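Trainee: The sequence and its predicted three-dimensional model are supplied below.
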Amino acid sequence: MKFIIIGLGNFGSSLAEKLTRLGHEVIGVDNKMGKVEAIKERITHAVCLNSTDPQAMTNLPLNDADIVIVAIGEDEGANIMATALMKQFKVKRLISRAVSALHETVLEAMGVDEIVHPEEETAERWAKKLNIQGVIDSFELAGEYNIVEAEVPKRYIGKTLAEIEIRKNYDVVVLTTIKSSEKKNIFGISRSIKSVQGVASSKTIFAEGDIVVLYGNINDIQRLIKKEDVE
């Protein structure tokens, strides 16, 4: 996958390096040459640009990027302006960093659905979330074993857990499912609210839009999710 990470502070640079090591193409952007020089040998490409300048940002391959991450943290104004530009350029998928509750509210009002809280979440965790398509969140327990939130594969919609036999076929345990509903914030912007459905059983039916919580070896989980691409 192709990533553009805007803001190469501690979180942005760490995430850029981890995604690069996972085999992705990563372009890092910062307005300080020192930060660009510090990371240029460890990621695919590093560029010194003013991310709040519309003309300067047209030099980036925004249309080719699968995900753009605005990781600026020290300047909330620059973060908001860069995020607004990415919305204007209609990038495929936009993730933006929030450093305060008010900042998050502003991003929500702008229609940003995915918001990062680096003070609470590590770059390692986000790298794992972004590494496999369909993964929404990931928690490493020990070694290669993880608890992962993922989109329910389309081939399983309308089927029960007993019919699917995920444990038998993939050696992965389904812990629960999560349903989403829409709720408006103070600006009238709709936001998705998650509701956990309790411990999964053989009678659990997967519905369209459900999130499934899986436990197992990350390679087995990846095999389960990626199989969707070839069917």
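Mentor: Ah, there it is.
Trainee: pLDDT score assigned to residue 147?
Mentor: Confidence at residue 147, expressed as pLDDT, is 76.
Trainee: Which of the helices or strands spans it?
Mentor: Assigned by DSSP states H and E, residue 147 falls within strand 145-151.
Trainee: This structure: helices as residue ranges?
Mentor: For the chain, the helices defined by DSSP state H occupy 10-21, 33-39, 54-57, 76-89, 101-109, 123-131, 161-164, 166-170, 218-226.
Trainee: quick revisit: which strands or helices does the strand holding residue 147 pack on?
Mentor: Where contact means 3 or more Cβ pairs under 8 Å, 6 or more residues apart in numbering; DSSP states H and E, strand 145-151 is packed against strand 135-142, strand 211-217, helix 218-226. (Each C-beta comes from the backbone N, C-alpha and C, glycine too.)
Trainee: tell me which residues in it are buried?
Mentor: By 16 or more other Cβ atoms under 10 Å, the buried positions in strand 145-151 come out as 146-151.
Trainee: Partner strands of that strand and their direction?
Mentor: Using DSSP bridges, the strands paired with strand 145-151 in its sheet are strand 135-142 (antiparallel), strand 211-217 (antiparallel).
Trainee: Could you tell me the least trusted of the ones you listed?
Mentor: Sorting the strands paired with strand 145-151 by mean pLDDT places strand 135-142 lowest, at a mean of 58.
Trainee: Residue for residue, what is the longest strand the protein has?
Mentor: strand 173-184 (DSSP state E).
Trainee: Paired strands for that one, with orientation please.
Mentor: Here, using DSSP bridges, strand 173-184 pairs with strand 190-199 (antiparallel), strand 211-217 (antiparallel).
Trainee: With distance to residue 54 and mean neighbour count added, can I get these in JSON lines?
Mentor: Shown next, in JSON lines, are these (distance: least, Cβ to Cβ, whole Å; neighbours: other Cβ atoms under 10 Å):
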{"stretch": "strand 190-199", "distance to residue 54": "28", "mean neighbour count": "11"}
{"stretch": "strand 211-217", "distance to residue 54": "36", "mean neighbour count": "20"}
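Trainee: Adding distance to residue 29, write those out as a markdown table.
Mentor: Shown next, in a markdown table, are the strands paired with strand 173-184 (distance: least, Cβ to Cβ, whole Å):
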| stretch | distance to residue 29 |
| --- | --- |
| strand 190-199 | 28 |
| strand 211-217 | 31 |
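Trainee: residues touching the residue nearest to the spatial centre of the chain, list them.
Mentor: Geometric centre of the chain, nearest residue: residue 130, 4.9 Å, by Cα atoms, centre = their mean. Counting by Cβ atoms under 8 Å, 6 or more residues apart in numbering, residue 130 touches 1, 3, 19, 67.
Trainee: 10 Å - rerun?
Mentor: 1, 3, 15, 18-19, 22, 24, 66-67, 69, 93, 95, 138 (Cβ atoms under 10 Å, 6 or more residues apart in numbering).
Trainee: Just the buried ones from those residues, in ChimeraX syntax?
Mentor: This is the ChimeraX syntax for the buried subset of the contacts of residue 130, where burial follows 16+ other Cβ under 10 Å:
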select :1,3,15,18,19,24,67,69,95,138
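Trainee: how deep is residue 202 tucked in, by neighbour count?
Mentor: Counted with other Cβ atoms under 10 Å, residues neighbouring residue 202 total 10.
Trainee: cool, and residue 31?
Mentor: Using other Cβ under 10 Å, residue 31 has 21 neighbouring residues.
Trainee: Understood, closing this out.
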